[in-house]
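Novice: coords below, sequence missing:
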């Protein structure tokens, strides 16, 4: 065996236990989702990670022999999941919404981002937390947090709290929003549009909107995927700002304007939009995306120590709940504008 291959295998060996544990957790999450469809598999994966990090007897290997592989899952499999997410987008479907609707959704994303970022600053959250939470709440949850963290060079441990908060609020939406449909006088179509404009993760959108029927679900997915496609320009803008902040002589340290995995995301959108892909290939890509993203979220969840979160994260939880309310109100305003 060539020396380089041997060295690569030696470097990868410590990752195997944690990566295997992540895949087992994803299998459990998908199985539970199939039994209880209202529970999104990605949310289950995060919860399983949190449980693994905090249950006596299990937490020791989680922060020991499994840690290198769990960290690798949280970073690298997250990027694989973002690339494969592009296969769910078809430009023709989004353009069919009309330019007015697309402009309204884009406006809601920008206002949501600015409002949540401002709340993060008001609550004095540290480091990149306001930026990451704003990105997750306004675009597509944990996937967007992972993409923005990569551009900013944020350490993986600093993405744990934003992912936990976006999961918490997205899970609350599954239970709360359907209860508000009748009091707010929303038709199934308008309810679906509201869910698509205000709920964070794609799986959480599906779980919430399906309670109002197939029409609501279709509307929710279209609006949500319109938000998802804004991931690429948002990340590119953040990268440009990061480059401007770096010293002029630090050329080698500059992040790419568009990271490679975001280019992969755009390439998958283009490929999906050609109509050349057989439905079986798209379905396989969706399954692989769920596996990669679920493993990444389990890895991130497994770094959350509840005791530390309760000790230092109550201010962040309050900020996230206010942000959730803000995004829900902006989404409702968007529905009113779309329907007129």
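Specialist: Noted; the coordinates are in hand. Quick caveat, the model's predicted, so the values are computed rather than measured. Residues are numbered from 1 along each chain as shown.

Novice: OK, contacts around the nearest residue to residue 91 once chain neighbours are set aside?
Specialist: Counting by C-beta to C-beta, 6 or more residues apart in numbering, residue 273 is the residue found nearest to residue 91 once chain neighbours are left out, at 4.3 Å. Just so you know, the C-beta spots here come from the backbone N, C-alpha and C atoms, and that holds for glycine as well. With contact taken as C-beta atoms under 8 Å, 6 or more residues apart in numbering, residue 273 is in contact with 89, 90, 91, 92.

Novice: just checking, what's the longest helix in the chain?
Specialist: Longest helix of the chain, by residue count under DSSP state H: helix 314-339.

Novice: Enumerate every residue touching the residue lying closest to residue 337 once chain neighbours are set aside.
Specialist: Leaving aside its chain neighbours, residue 337 sits nearest to residue 104 (5.1 Å; criterion: C-beta to C-beta, 6+ apart). Neighbouring residues of residue 104 by C-beta under 8 Å, 6+ apart: 334, 337, 338.

Novice: how about TSV for those, with neighbour count and distance to residue 322 added?
Specialist: Listed next are those as TSV, based on neighbours: other C-beta atoms under 10 Å; distance: C-beta to C-beta, whole Å:
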residue	neighbour count	distance to residue 322
334	24	19
337	14	23
338	21	25
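
Novice: what about the residue nearest to residue 91, distance to residue 109?
Specialist: According to C-beta to C-beta, to the nearest Å, residue 273 and residue 109 sit 21 Å apart.

Novice: ditto for residue 234
Specialist: Using C-beta to C-beta, residue 234 is found at 8 Å from residue 109.

Novice: Columns distance to residue 278 on top of the contacts of residue 104, output as a markdown table?
Specialist: A markdown table is the format used below for those (distance: C-beta to C-beta, whole Å):
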| residue | distance to residue 278 |
| --- | --- |
| 334 | 35 |
| 337 | 38 |
| 338 | 33 |
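
Novice: Looking at these, which is nearest residue 130?
Specialist: residue 334 (22.8 Å; C-beta to C-beta).

Novice: how about the closest one, what does it touch?
Specialist: 104, 105, 107, 108, 193, 194, 197.

Novice: got those as CSV, with pLDDT columns?
Specialist: Shown next, in CSV, are the contacts of residue 334 (pLDDT from 0 to 100):
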residue, pLDDT
104, 92
105, 92
107, 94
108, 93
193, 93
194, 95
197, 93
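
Novice: Quickly name whichever of these is closest to residue 174.
Specialist: Using C-beta to C-beta, the shortest approach to residue 174 within the contacts of residue 334 belongs to residue 194, at 13.6 Å.

Novice: count of residues packed around the closest one?
Specialist: Applying other C-beta atoms under 10 Å, we find 30 residues neighbouring residue 194.

Novice: so it touches residue 188, yeah?
Specialist: No: taking contacts as C-beta atoms under 8 Å, residue 194 lies outside contact range of residue 188: 10.7 Å.

Novice: pLDDT below threshold where in the stretch 101-250 of the chain?
Specialist: When residues are selected by pLDDT under 70, those of the stretch 101-250 of the chain lie in 245-250.

Novice: ranges for the helices of it?
Specialist: 129-135, 142-152, 160-180, 188-198, 202-209, 214-229, 231-245 (DSSP state H, counting those that start in this stretch).

Novice: out of those, which comes closest to residue 38?
Specialist: In terms of C-beta to C-beta, the element of the helices of the stretch 101-250 of the chain nearest to residue 38 is helix 202-209, at 5.5 Å.

Novice: From the contact counts, what lies against that closest one?
Specialist: Applying 3 or more C-beta pairs under 8 Å, 6 or more residues apart in numbering; DSSP states H and E, one finds that helix 202-209 contacts helix 41-54, helix 160-180, helix 188-198, helix 214-229.

Novice: Report the buried residues of the helix or strand following the first one.
Specialist: Going back to what we said before, that points to helix 41-54. The first helix or strand that comes after helix 41-54 along the chain, using DSSP states H and E, is helix 59-62. Judged by neighbour count (16 or more other C-beta atoms under 10 Å), helix 59-62 contains these buried residues: residue 62.
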